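J.: Mind looking at a prediction? Sequence and model below.
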Amino acid sequence: MPDIPVDRLQPGIFISLESVGWLEHPFLLNRFRITDVKQIQALRRMGLTSVEWDPQRSTAGPLPDAVARVEAEEDFTSGALDALLHDKRDRAQQVREKREGIARCARLFEQETGLIRQIMGELGPRPNDAHVHSRALVDRLVGGLVEAKSVAVHLVNLKKSETGASNHAMNVMVLSLLIGKSIGLTEEEMKDLGLGAMLHDVGLSEIPTRVHRNLNRTAAEESFYRAHTGYGLKVVAPMKGLPVSVKNVIACHHESWDGKGYPNGVSGTKIPKLARIVAIANRYDNLCNPLDPKAALTPAEAVAHMFKKESGTHAPGILAAFVKALGVYPPGSFVTLNDGSYGLVIESNSQDLLHPLLMLYDASVPRSEALLLDVREAEERIEAAVSPREVPREVIEYLAPQGRVDFYLEGAS
């Protein structure tokens with residue numbers, strides 16, 4: 001970008017301070033469009049005589065030389081710089097608090113997935129302990145959602161790229177509860193939904209890994225794999241008092257609205273309601289986190305794929321509710337902003353889906369201190385969701401180094 005003298009700046013000019021460094025200036029972002037004279041005064045106070053600017057992203061041009069040379073009668077630069085520094089400190093504190101909240105969600109996700117691994121290990125030798133522990137986990141998650149006015153969906157960036165059954169069970173449970181909340185299930189239905197979603201794939205423990213993870217199964221292997229629904233019912237049979245609706249989720253989460261699913265080929269409303277919900281959550285997570293990472297779709301791509309290409313497979317009302325609950329920019333989506341920046345959606349709120357929380361790419365800022373932007377409070381706006389294939393490699397490695405999409409759900413006021 002070309003340089004422009006600070007004395008020729010005016011509101012509407014888009015500038016970059018990347019060469020200065022984020023820690024060395026008082027502005028929230030390195031690149032932004034000037035909105036008022038106080039920002040120009042702050043640049044002067046910093047001792048800058050020129051800055052980089054982008055004519056294409058500017059809505060105004062430089063001041064003429066003659067206007068630029070006119071001296072102001074009073075120097076307001078000190079006050080302007082102090083005000084911006086104070087605002088940046090406040091914003092930085094808000095970002096730190098938000099980052100701590102995100103880290104807390106990641107810790108809770110890891111704790112819950114660890115508990116799911118424990119429960120899976122208890123199913124055979126101690127089925128009643130597994131039932132008690134799974135109920136406690138589900139009750140805890142549902143308890144925070146039932147009375148909440150809105151639901152916040154958090155993207156979880158884990159330190160390790162876990163791909164095991166417990167991560168899948170956790171994601172399907174979280175996504176199922178998101179759907180359940182959005183369609184107005186009762187508290188008891190939500191609890192049964194969460195439990196069924198957690199246990200939906202327990203039968204895979206009876207399927208050899210060479211069959212389960214084989215992407216090119218023979219007809220015999222596919223038949224064996226599909227038997228995991230029946231094996232799942234055998235695994236949970238010793239769990240006393242397990243509701244029929246939970247067992248139906250295990251039995252029917254691969255049934256299809258058009259009758260082309262398995263094991264029984266039932267269709268439409270004959271498929272139990274909770275199983276219809278889990279089928280959608282299960283498919284979404286498998287699209288985002290497939291056995292072959294190269295085949296992974298972004299959350300936005302997965303939603304579009306299910307809605308446009310698989311609408312006949314899923315219960316239409318529930319699928320529509322799911323798409324609406326995730327929003328235009330589901331957590332885990334890469335987006336571009338109107339200033340040319342790249343961001344990763346890391347949190348969305350059901351009450352304001354068009355303005356999610358983003359993690360921004362900025363090579364001058366360490367990833368551990370990555371800038372967080374609440375689109376509700378910023379001049380910058382999302383232009384579009386983009387595929388990782390369209391995003392530079394260094395951006396991917398900065399924003400989403402593990403390449404997985406995991407979720408945690410919280411009730412919000």
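T.: Structure's in. What do you need?
J.: Check the spacing between Ala219 and Val266 real quick.
T.: 22 Å (Cβ to Cβ, to the nearest Å). Using the backbone N, CA and C atoms, a C-beta is placed for each residue, glycine as well.
J.: who touches the residue nearest to the spatial centre of the chain in this structure?
T.: Taking Cα atoms, centre = their mean, the centroid of the chain lies closest to Pro331, which sits 1.9 Å from it. Neighbouring residues of Pro331 by Cβ atoms under 8 Å, 6 or more residues apart in numbering: Val153, His154, Leu155, Pro299, Val345, Ile346, Glu347, Ser348, Pro356, Val405, Phe407.
J.: Adding secondary structure, distance to Val395 and pLDDT, write those out as a markdown table.
T.: Compiled in a markdown table, the contacts of Pro331 are given as follows (DSSP: H, G, I helix; E, B strand; the rest coil; distance: Cβ to Cβ, whole Å; pLDDT from 0 to 100):
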| residue | secondary structure | distance to Val395 | pLDDT |
| --- | --- | --- | --- |
| Val153 | strand | 22 | 91 |
| His154 | strand | 21 | 90 |
| Leu155 | strand | 16 | 90 |
| Pro299 | helix | 17 | 92 |
| Val345 | strand | 14 | 94 |
| Ile346 | strand | 15 | 92 |
| Glu347 | strand | 19 | 92 |
| Ser348 | strand | 20 | 90 |
| Pro356 | coil | 18 | 91 |
| Val405 | coil | 16 | 88 |
| Phe407 | strand | 22 | 90 |
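J.: from the residues you listed, which two are the most distant?
T.: Pro356 and Val405 (14.3 Å; Cβ to Cβ).
J.: Looking at these two, which one has more neighbours?
T.: Pro356 (28 against 24; other Cβ atoms under 10 Å).
J.: my guess is that one contacts Ser348, does it?
T.: Yes. In terms of Cβ atoms under 8 Å, Pro356 counts as a neighbour of Ser348; the distance is 4.3 Å.
J.: quick one: which helix or strand includes Glu410?
T.: strand 406-412 (DSSP states H and E).
J.: Could you pull out the residues contacting both of Pro356 and Ser348?
T.: With Cβ under 8 Å, 6+ apart, Pro356 and Ser348 have common neighbours Gly327, Tyr329, Pro331.
J.: Pick out whichever of these sits closest to Ser50.
T.: Nearest member of those to Ser50, counting by Cβ to Cβ, is Tyr329, at 36.3 Å.
J.: That closest one and Asp129: what is the separation?
T.: Tyr329 is 41 Å from Asp129, where distance means Cβ to Cβ.
J.: which of those two has more neighbours?
T.: Counting neighbours by other Cβ under 10 Å for Tyr329 and for Asp129 shows that Tyr329 has the greater number, 24 against 14.
J.: Show me what the helix or strand Arg107 falls within is packed up against.
T.: With elements taken from DSSP H and E, the one containing Arg107 is helix 77-122. Judged by 3 or more Cβ pairs under 8 Å, 6 or more residues apart in numbering; DSSP states H and E, the packing partners of helix 77-122 are helix 37-45, helix 127-146, strand 150-156, helix 165-182, strand 372-374, strand 406-412.
J.: what's the model's confidence in that helix, averaged?
T.: Here helix 77-122 scores 82 as its mean pLDDT.
J.: and what of stretch 267-284?
T.: 98.
J.: what distance separates that stretch from the centre of its chain?
T.: The chain centre lies 22 Å from the centre of stretch 267-284; the measure is Cα atoms, centre = their mean, to the nearest Å.
J.: which strands and helices sit next to the host helix or strand of Ala197?
T.: Using DSSP H and E, Ala197 maps to helix 187-199. Here helix 187-199 touches helix 127-146, helix 165-182, helix 244-252, helix 273-288, going by 3+ Cβ pairs under 8 Å, 6+ apart.
J.: could you give the angle of the helix holding Arg107 to helix 127-146?
T.: 150 degrees (axes from the mean of the first three to the mean of the last three Cα atoms, to 10 degrees).
J.: between the one helix or strand Gly232 maps to and helix 187-199, how big is the angle?
T.: Gly232 is part of helix 228-236, with elements assigned from DSSP H and E. Orientation of helix 228-236 against helix 187-199 (the same axes, to 10 degrees) gives an angle of 110 degrees.
J.: Tell me which residues are up against helix 228-236.
T.: 123-124, 127, 199-207, 212, 242, 246-247, 250-254, 262-263.
J.: how big is the angle separating it from helix 244-252?
T.: Orientation check (the same axes, to 10 degrees): helix 228-236 against helix 244-252 gives 140 degrees.
J.: and helix 228-236, C-alpha only, in PDB?
T.: The C-alpha trace of helix 228-236 is given here as PDB (Å, rounded to 0.1, in the frame of the first residue of the first chain):
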ATOM      1  CA  HIS A 228     -23.700 -51.200  15.200                       C
ATOM      2  CA  THR A 229     -27.200 -50.000  15.900                       C
ATOM      3  CA  GLY A 230     -28.300 -53.400  17.100                       C
ATOM      4  CA  TYR A 231     -25.000 -54.000  19.000                       C
ATOM      5  CA  GLY A 232     -25.600 -50.600  20.700                       C
ATOM      6  CA  LEU A 233     -29.000 -51.900  22.100                       C
ATOM      7  CA  LYS A 234     -27.200 -55.000  23.500                       C
ATOM      8  CA  VAL A 235     -24.500 -52.800  25.100                       C
ATOM      9  CA  VAL A 236     -27.100 -50.600  27.000                       C
END
